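**Q** give me the fold of what follows.
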Amino acid sequence: MAREQRRLAAILAADVVGYSRLMGRDESGTVARLRAIRKQTVVPTVTRHGGRIVKLTGDGVLAEFASAVEALTAAIELQHVMQEGARYEPQDRAIVLRMGLHVGDLIVEEDDLFGDGVNIAARLEAEAPPAGILVSRTVHEAVVGRMNASFEDLGNLHLKNIDRPIQAFAVTWDREAWTQLDEPAAPHRQIAASSQAAAPLDLPDKPSIAVLPFDNMSNDPEQEHFADGVVESITAALSRIRAFFVIARNSAFAYKGRATNVRDIGRELGVAYVLEGSVQRVGQRVRITAQLIETSGGVHLWADRFDGSLDDVFDLQDRITEAVAGALQPSIRLAEIERSRRKRPQDLGAYDYAMRAMRHAWLLEREAADRALELLEKALRIDPDYPLALALTAWCWAQRSVYNWAVDTAAAKAEALKLADRAVSQSSDDPLILAVLGAVHTFARNYGVARVMLERAVALDPNAAWALSRLGWLDVYADRPDEAKAHFEKAMRLSPLDPINFNNLVGLASARQVAGDDAAAADLFIRALQERPNAVWIHRNLAAALYGAGRLDEAKASAAIVMASYPGFTIARFKDAMVFTPRALDRMAEQMRALGVPEG
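**A** The predicted structure follows:
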């Protein structure tokens, strides 16, 4: 039996006061306003403070945060913005929230959370006054004195279905102190500094497009993954049409839940067109709407609706791809569109699990990779030969080897290679699968095979940002820093807002490191860590670069982080995991040896 997963977190529960009354007065108008609030206010605010939406219902939201301070800050911001908006609405029509917060132990199942911690947050929310926030003692202890808010002790409350009294506090805050938070903030902090996302990007010399996240119009929030899968498939198909410049999905998904006009998106991503739409799945029926918009003037070039059953969903996606291709460049041949199609899963359940795993697989963090593997294992139980699931599983195993997460890195590499070979045997012309196989062969030091696979991936999909990034890494490992730099920069242009761009910064830093420029390398490693502080594996390279740059105190601190994060870490383990040339590895090993890292 699988061990039950638990974790400690801050939980925010919120719902709409008088929801039934509002729906009785104006059902369609209330639904539309709540959808706009969720998209423009709730999701961006939660995301900005490091939270994760666990569940969205018609009248409520459940969100998880690693920090109680960030959770309460998000709650106050939300209440403040909602109260400002309510000032301009008739009292009987205003949408008002109440909220409860608790820090406690949670049970993790799929992408949902259960347990006492969730129940207490929900019961506190039910006791909160309109536009108010109640927090438990655990939250109060974590935040008191650390933020601009006051707390009124309400004593012990007897909450429904909670078998013990819970000490609760009502939160108040100075409205003036929070006024500056009214303007919407970008929900995506982790934008690579070198991508220059704030400055307009030049348009490519061929039709350029970003496929934005489609709205989930189903009543079930679980269908969010299904909607994301539709977008992923359309993006993949368009990317393989050589006549187009297509922004990678990771950058397009930075706009999920964010209210941004198409002109801003065009400037930020450097594209002339965006495709947006919605997905509604009811039972076995699916409706997909899509519209193509020119970013310079906001002109709608084409829109259509596609209806079918779940059995038809991939055909619907293909029809959308054909329509977009025809609208952008009528000369695109049907044969090229046909070539863009991937091998499809035998079962939509496998497809759904793979879509859920996708975002975890690209975070390059240990817990995220473990979560991805759990979801992918379920996908492969349903469809053992599903190429995408096999490839993503291989990538997660490869991460275990190269980031020193596995005790036996050789076994992790072997498992990654076995899975990647299975994936490519099922679909030998999928760029993502070829890129994964190339990455795994890189880690296995099969550089010739890796280059063939990666170059074939780029030939099939000129917009394959990740394949270009892996080519950059292959050039780093081959002591070709200038070629590596060109590949990393092109990957970042194809995906300017990609959360994985921190790894491209690590690649650029590593290119400087193998070139012997430790000072520049150290600065780039630090920039990457600023964007992804949890990627402690970067310190393996940073410590050596800092030493080489003469920054000894910082080098010692960085080496200490490595030793604390990897118990039993040695130079031998470092050299076993890394795939630099012997010349570069020996130089870095000597620097780490000077910092006191044991030999092994």
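**Q** what about Gly29, which helix or strand?
**A** Of the helices and strands defined by DSSP states H and E, Gly29 is found in helix 27-37.
**Q** what comes up buried for that helix?
**A** Neighbour-count burial for helix 27-37 flags Thr30, Arg33, Leu34, Ile37 (criterion: 16 or more other C-beta atoms under 10 Å). (Each C-beta comes from the backbone N, C-alpha and C, glycine too.)
**Q** ok, now which ones touch the first one?
**A** By C-beta atoms under 8 Å, 6 or more residues apart in numbering, the contact set of Thr30 is Tyr19, Leu22, Met23, Ile95.
**Q** for Gly50, give its distance to Ala63.
**A** The span separating Gly50 from Ala63 equals 10 Å under the rule C-beta to C-beta, to the nearest Å.
**Q** likewise Val17?
**A** Taken as C-beta to C-beta, the spacing of Val17 relative to Ala63 amounts to 18 Å.
**Q** higher neighbour count, these two?
**A** For the pair Val17 and Ala63, the greater number of neighbours falls to Ala63 (29 against 17), based on other C-beta atoms under 10 Å.
**Q** was I right about that one contacting Leu12?
**A** Yes - here Ala63 reaches Leu12: they are 4.6 Å apart, a contact under C-beta atoms under 8 Å.
**Q** what touches both of the two?
**A** Overlap between the neighbourhoods of Ala63 and Leu12 consists of Val46, Gly51, Ala71, Ala74, taking contacts as C-beta under 8 Å, 6+ apart.
**Q** can you say which of the contacts of Thr30 are buried?
**A** Neighbour counting with 16+ other C-beta under 10 Å marks Tyr19, Leu22, Met23, Ile95 as buried within the contacts of Thr30.
**Q** report the mean per-residue pLDDT for the strand or helix carrying Ala544.
**A** The secondary structure element spanning Ala544 is helix 539-548 (assigned by DSSP H and E). What helix 539-548 shows for mean pLDDT is 94.
**Q** which element follows that helix toward the C-terminus?
**A** Downstream of helix 539-548, the first helix or strand assigned by DSSP H and E is helix 552-565.
**Q** the stretch 1-150 of the chain: strands as residue ranges?
**A** All strands of the stretch 1-150 of the chain, identified by DSSP state E, counting those that start in this stretch, fall at 5-16, 52-56, 60-65, 97-109, 112-114, 133-136, 150-157.
**Q** which stretch in those strands is the model least sure about?
**A** Between those, the lowest average pLDDT goes to strand 112-114, which shows a mean of 60.
**Q** these two touch, right, Lys206 and Val271?
**A** No - applying C-beta under 8 Å as the test, Lys206 and Val271 come out as separate, 11.0 Å apart.
**Q** mind listing what the residue nearest the centre of the chain touches?
**A** Ranked by distance to the mean C-alpha position of the chain (C-alpha atoms, centre = their mean), the top residue is Arg359 at 4.8 Å. Contacts of Arg359 were listed using C-beta under 8 Å, 6+ apart, and they are Phe253.
**Q** what's the answer for Ile133, then?
**A** Contacts of Ile133 by C-beta under 8 Å, 6+ apart are Leu72, Ala75, Ile76, Gln79, Arg98, Met99, Gly100, Leu101, Ala170, Val171.
**Q** how close does the fourth one get to Gly58?
**A** Using C-beta to C-beta, one obtains 20 Å as the distance from Gln79 to Gly58.
**Q** re earlier: which one of the strands of the stretch 1-150 of the chain lies closest to Ala564?
**A** Of all the strands of the stretch 1-150 of the chain, strand 5-16 sits nearest to Ala564, with 20.3 Å by C-beta to C-beta.
**Q** returning to what we had before: looking at Gln79 and Gly58, which is more packed in?
**A** In this view Gln79 and Gly58 are compared by other C-beta under 10 Å, and Gln79 has more residues nearby, 21 against 13.
**Q** my guess is the more buried one contacts Pro130. True?
**A** No - in this structure Gln79 lies outside contact range of Pro130 using C-beta under 8 Å: 10.2 Å.
**Q** pLDDT weak spots in the stretch 1-150 of the chain?
**A** Where the stretch 1-150 of the chain drops to pLDDT under 70, the residues are 1-6, 85-90, 108-115.
**Q** picking up where we left off before, inside helices: which ones of the shared contacts of Ala63 and Leu12?
**A** When the shared contacts of Ala63 and Leu12 are checked against helices using DSSP state H, the ones located there are Val46, Ala71, Ala74.
**Q** could you check how far the spatially closest residue to the first one that is not a sequence neighbour is from Arg587?
**A** The shortest distance from Val46 to any residue other than its chain neighbours is 4.8 Å, reached at Ala63 (C-beta to C-beta, 6 or more residues apart in numbering). Between Ala63 and Arg587 the computed distance is 46 Å (C-beta to C-beta).
**Q** which parts of the stretch 351-500 of the chain are helices?
**A** Secondary structure of the stretch 351-500 of the chain (DSSP state H, counting those that start in this stretch): helices located at 366-382, 387-402, 409-426, 431-443, 447-460, 465-477, 481-494.
**Q** what's the answer for the stretch 101-250 of the chain, then?
**A** Counting by DSSP H, counting those that start in this stretch, the stretch 101-250 of the chain has helices at residues 116-127, 137-143, 224-239, 249-252.
**Q** those: which one's closest to Gly326?
**A** For the helices of the stretch 101-250 of the chain, distance to Gly326 was read as C-beta to C-beta. The smallest value, 11.9 Å, belongs to helix 224-239.
**Q** tell me the pLDDT at the closest residue to Asp370 other than its chain neighbours?
**A** In space, and not counting its chain neighbours, Asp370 is closest to Cys396: 8.0 Å by C-beta to C-beta, 6+ apart. Residue-level confidence at Cys396 comes out at 93, pLDDT.
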